[in-house]
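Colleague: Need coordinates for the below:
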Amino acid sequence: MKHYKILTPIILILLCCLILLSVNAATTGLRTANEEAYLLNRMQTVLPGSTEFTPEEYSGEDESIRSAYKSEAGYAVFVVTQGYAGDIAMLVGVTNDGVVMGMQVQQMHETYGLGAQALTDYKFLVQFLNKAETAEIGGNIDALTGATVTSKAIARGVNAAVSFVTGADTSSSATSWGG
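Modeller: Residues are numbered from 1 along each chain as shown. Here you go, the predicted structure:
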């Protein structure tokens, strides 16, 4: 009788594990489809008018470029740069001519009330749009107040994306800003 008291919970736990594994296996395809749809939506947001994107190989030296996707209008480039409190991940849409059409800061852990404003401060973010030249804090881009390091990190990311598309070397000006 004592064996049944121990065996019953073990069988129930194994049965629950089997059910969870089955549900996970059954929803993997749906989860993958949702992730792909979400990425497509983000890319269409930063590069308006584009409908299809294909992954583009990158073998350059800029470690901030994590992935790139080509469309008929240009490229959606995923970049990660070092900010004040950690990595700043963003998606930048650049036309074939090297003009920044859109950008989204995807993830950051910057200081609340200062660098974290880069997620929502449209006056700061809009400065990068419709520009074909290198984004430079203190030059053609005004930094977020109290968040110069974050502002420079975002500018480096945008410059890396433009450089990927145009082939121009923006690394010297991007790294000289500090950050």
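Colleague: What residue, apart from its backbone neighbours, is nearest Tyr69 spatially?
Modeller: Spatial nearest neighbour of Tyr69, excluding adjacent residues (CB to CB, 6 or more residues apart in numbering): Phe53 at 3.8 Å. Where you see a C-beta, it was placed from the backbone N, CA and C, and this is true even at glycine.
Colleague: Check what pLDDT the one you found gets.
Modeller: In this prediction, Phe53 carries a pLDDT score of 96.
Colleague: One more: Val100?
Modeller: Reading off the model, Val100 has pLDDT 95.
Colleague: With Tyr69 instead?
Modeller: Turning to Tyr69, the model gives it a pLDDT of 96.
Colleague: So it lies in a strand, does it not?
Modeller: Yes. Residue state for Tyr69 (DSSP: H, G, I helix; E, B strand; the rest coil) corresponds to a strand.
Colleague: Run through the residues that contact it.
Modeller: By CB atoms under 8 Å, 6 or more residues apart in numbering, Tyr69 lies in contact with Met43, Phe53, Thr54, Pro55, Glu56, Tyr75, Ala76, Val77.
Colleague: Select only the buried ones of those in PyMOL?
Modeller: In PyMOL, a selection of the buried entries from the contacts of Tyr69 looks like this (16 or more other CB atoms under 10 Å):
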select buried, resi 43+53+75+76+77
